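Enquirer: pasted the sequence and its predicted model underneath.
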There are 2 protein chains.
Amino acid sequence: MDDRPALAPDQLPPLAPDAPDIAQIEQAAERIRGEAVVTPLLEVPAANALLGGRLLMKPEMLQRTGSFKFRGAYNCIAALAPEVRRRGVVTYSSGNHAQGVAAAAQALDVPALIVMPQDAPAIKVENTRGYGAEVVFYDRYTESREEIGERLAAERGATIVRPYDEPGVIAGQGTAGLEIAWQAAAKGVTLDAVLVPAGGGGLVAGISTAIAARSPGTPVYCCEPAGFDDTTRSLIAGAWIENDPAARSFCDALLAPTPGRITFTINIRRLTGGLVVSDAEVAEAMRFAFRHFKVVVEPGGAVALAAVIAGRLPIAGKTFAVVCSGGNVDPAVFREVLAGG
Amino acid sequence: MDDRPALAPDQLPPLAPDAPDIAQIEQAAERIRGEAVVTPLLEVPAANALLGGRLLMKPEMLQRTGSFKFRGAYNCIAALAPEVRRRGVVTYSSGNHAQGVAAAAQALDVPALIVMPQDAPAIKVENTRGYGAEVVFYDRYTESREEIGERLAAERGATIVRPYDEPGVIAGQGTAGLEIAWQAAAKGVTLDAVLVPAGGGGLVAGISTAIAARSPGTPVYCCEPAGFDDTTRSLIAGAWIENDPAARSFCDALLAPTPGRITFTINIRRLTGGLVVSDAEVAEAMRFAFRHFKVVVEPGGAVALAAVIAGRLPIAGKTFAVVCSGGNVDPAVFREVLAGG
């Protein structure tokens, strides 16, 4: 997105005062040490040969709970004072953040209540309960999950752990960026770009803050499914843009309606741009990861890889780090994707 | 297999004089450093909770070429003198060893010729050629691949890199055992058992040699598909036993007819026993790896995991390291396995 209009600093929305900085990301790395997986930076020569460049994959499906979400959730909950922790945490999510919070709360022996839509996939409800969390359902067409979460949290004196617009969550997700920077340095490579999936933008906000500090000059891009390219369009507009409510994508992890209050004010300063891919390109990327990397990537987790394979940002002769952010995909969906090859 | 009859040392077949020792495995680790992937030791708390014990997975599908075979192939070829290397290498294999040798030869700029059955899956032929190797076909019902390989090697002055009965290959595979030992130590755990898939027995021979030196007292088991339990039965008999030629399994990587000349003389000294699983149990293990570990395991790569899930060796309250040896599975087979869940 080299055609992004340059906005003067005074034209940008002001940086949210609670946006985390590199010091908070480093604190997060200390907190999650030994609890979160330091996922490797995978490289497959045969895939490089096909692409004509070096593709370094950060495989967050290997993270605890099968997505990066455990990083931010654990960091948030571990930072709470003991007497606050004891009253528990509340969040709302139909998917990966629910599992991340449930597992982090369980690891820290904190009660967790998750507000999930009535029509959430049974497997995600089951996994969330499997981590010991209490699940409360809501009707996504008539009720507001935020309101329900806030009411329940107030009743219990519990703390809300928002999916992305939460400083501790953004800092926790940023630890993946710290790892990318030192793992690339350990390989002796200079990164030409870092590509990151974006829903609400918490992961890319954290990673871009870490990369700016630890690999300065490396451009960071957010990647989104077509129809849910709210961050890409908001970056161009310099203001919050909403997705068309009629938009549909099978990237269920990336369906946030608009960029986050905090995350967007970080991303508009840190990101070089946004890249948008179709569901068909995402499916192709999932097959590519299956064939060459032998890992399971869920649709929303594959958008950055899809952007590279589809040539949205030419990799020829360059070295890119690509975050594959999760692997929580139903077997039936994965079978259908494999059948499409 | 605690019912294995104790054989007196003088009843055992003598150790092959060319069996590699721990020093050769350490040399191999030096040779492959920076070329092979140091695969992580993965642990998923939710999987542990289901099993009631700690399961540490060594995910060799993340290894270069999608299986452990790159380790042994690279070690073997890298050890050849420059003037020998120049004349090339020859091997015979329909699958993972073919890809391992082709990729290692390519990395070392050595010509490779692979003898493959006419009916090898197109994808494996394509991958092997993709690594720059020359492929020669044979008819597996009327011709001997060993004879063809030896003739072609003699004609070219090339070196044969046998799939498992090759000291440099066994030593290379043993590097996975060195990694398991230090990675478990880094986690502060003592391993109660190490479970390893076995075809010709090269991987388990190398790993058991490394474990005996670096985690002494930890029992090592080979795991095999029913009908191809030649190593398990040979361990009991104290002599080489052949599989019934009519046996069938979808574990295509593990169909060797009988234990190797060298490998068996190592395994009968090092292994505590063998564990045998059905194809249905293997499919269940592949689904378990998909769901909990988010990795793609091929049938032959999943037999050790299957042995744990099926309870062949009770994991309750214990810590096992399980090698998942490869992930080179056709999408159609993987789809069928997922559908069976």
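Expert: Looks like it came in fine.
Enquirer: can we go C-alpha only for contacts and neighbour counts from here?
Expert: Fine.
Enquirer: quick check: mean pLDDT of the helix or strand that contains A:Leu178?
Expert: Assigned by DSSP states H and E, A:Leu178 belongs to helix A:167-186. What helix A:167-186 shows for mean pLDDT is 98.
Enquirer: then that helix to CSV, C-alphas only?
Expert: Extracted C-alpha coordinates of helix A:167-186, given in CSV (Å, rounded to 0.1, in the frame of the first residue of the first chain):
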residue,chain,number,x,y,z
PRO,A,167,-3.2,-2.3,27.0
GLY,A,168,-2.1,-5.6,28.7
VAL,A,169,-3.5,-7.6,25.9
ILE,A,170,-1.7,-5.5,23.2
ALA,A,171,1.6,-5.7,25.2
GLY,A,172,1.2,-9.5,25.6
GLN,A,173,0.6,-10.0,21.8
GLY,A,174,3.7,-7.8,21.2
THR,A,175,5.9,-10.5,22.7
ALA,A,176,5.5,-12.3,19.4
GLY,A,177,7.2,-9.3,17.8
LEU,A,178,10.1,-9.4,20.3
GLU,A,179,10.6,-13.1,19.4
ILE,A,180,10.5,-12.5,15.7
ALA,A,181,13.1,-9.8,16.0
TRP,A,182,15.6,-11.9,18.0
GLN,A,183,14.9,-15.1,16.1
ALA,A,184,15.6,-13.3,12.8
ALA,A,185,18.7,-11.8,14.2
ALA,A,186,19.8,-15.2,15.4
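Enquirer: helices or strands up against the helix or strand that it is followed by?
Expert: Downstream of helix A:167-186, the first helix or strand assigned by DSSP H and E is strand A:193-197. Contacts defined by 3 or more Cα pairs under 8 Å, 6 or more residues apart in numbering or on different chains; DSSP states H and E place strand A:193-197 against helix A:202-214, strand A:220-225, helix A:303-309, strand A:319-324.
Enquirer: strands paired with strand A:193-197, and their directions?
Expert: Each strand that pairs with strand A:193-197, with its direction, by DSSP bridges: strand A:220-225 (parallel), strand A:319-324 (parallel).
Enquirer: highest average neighbour count across the ones you listed?
Expert: Across those, averaging neighbours per residue (mean count of other Cα atoms under 10 Å in any protein chain shown) puts strand A:220-225 on top, at a mean of 30.
Enquirer: for whatever helix or strand comes next after that strand, buried residues please.
Expert: Along the chain past strand A:220-225, the next helix or strand (assigned with DSSP H and E) turns out to be helix A:230-237. By 16 or more other Cα atoms under 10 Å in any protein chain shown, the buried positions in helix A:230-237 come out as A:230-236.
Enquirer: next one: stretch A:99-112
Expert: In terms of neighbour count (16+ other Cα under 10 Å), stretch A:99-112 has its buried residues at A:99-106, A:110-112.
Enquirer: could you do stretch A:66-81 as well?
Expert: Residues A:66-78 are the ones in stretch A:66-81 that count as buried (16+ other Cα under 10 Å).
Enquirer: helices or strands up against the helix holding A:Leu178?
Expert: Where contact means 3+ Cα pairs under 8 Å, 6+ apart, helix A:167-186 is packed against helix A:22-32, helix A:69-78, helix A:202-214.
Enquirer: can you pull the residues of chain A lying near chain B?
Expert: A:40, A:42, A:44-46, A:61-62, A:64-66, A:130-131, A:290-297, A:327-328, A:331-332, A:334-335, A:338-339 (Cα under 8 Å from any Cα of the partner chain).
Enquirer: residue contacts, the residue nearest in space to the middle of chain A?
Expert: Centrality entry for chain A: nearest residue to the mean C-alpha point is A:Leu203, 4.0 Å, by Cα atoms, centre = their mean. Counting by Cα atoms under 8 Å, 6 or more residues apart in numbering or on different chains, A:Leu203 touches A:164, A:170, A:173-174, A:196-197.
Enquirer: again, only using 7 Å
Expert: Contacts for A:Leu203 (Cα atoms under 7 Å, 6 or more residues apart in numbering or on different chains) come out as A:170, A:173-174.
Enquirer: circling back to that earlier point, what would the buried residues of stretch A:66-81 look like in JSON lines with pLDDT and distance to A:Ala36?
Expert: As requested, the buried residues of stretch A:66-81 are arranged in JSON lines below (pLDDT from 0 to 100; distance: Cα to Cα, whole Å):
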{"residue": "A:Gly66", "pLDDT": "95", "distance to A:Ala36": "11"}
{"residue": "A:Ser67", "pLDDT": "97", "distance to A:Ala36": "11"}
{"residue": "A:Phe68", "pLDDT": "98", "distance to A:Ala36": "9"}
{"residue": "A:Lys69", "pLDDT": "98", "distance to A:Ala36": "10"}
{"residue": "A:Phe70", "pLDDT": "98", "distance to A:Ala36": "7"}
{"residue": "A:Arg71", "pLDDT": "98", "distance to A:Ala36": "6"}
{"residue": "A:Gly72", "pLDDT": "98", "distance to A:Ala36": "10"}
{"residue": "A:Ala73", "pLDDT": "98", "distance to A:Ala36": "10"}
{"residue": "A:Tyr74", "pLDDT": "98", "distance to A:Ala36": "8"}
{"residue": "A:Asn75", "pLDDT": "98", "distance to A:Ala36": "10"}
{"residue": "A:Cys76", "pLDDT": "98", "distance to A:Ala36": "13"}
{"residue": "A:Ile77", "pLDDT": "98", "distance to A:Ala36": "13"}
{"residue": "A:Ala78", "pLDDT": "98", "distance to A:Ala36": "12"}
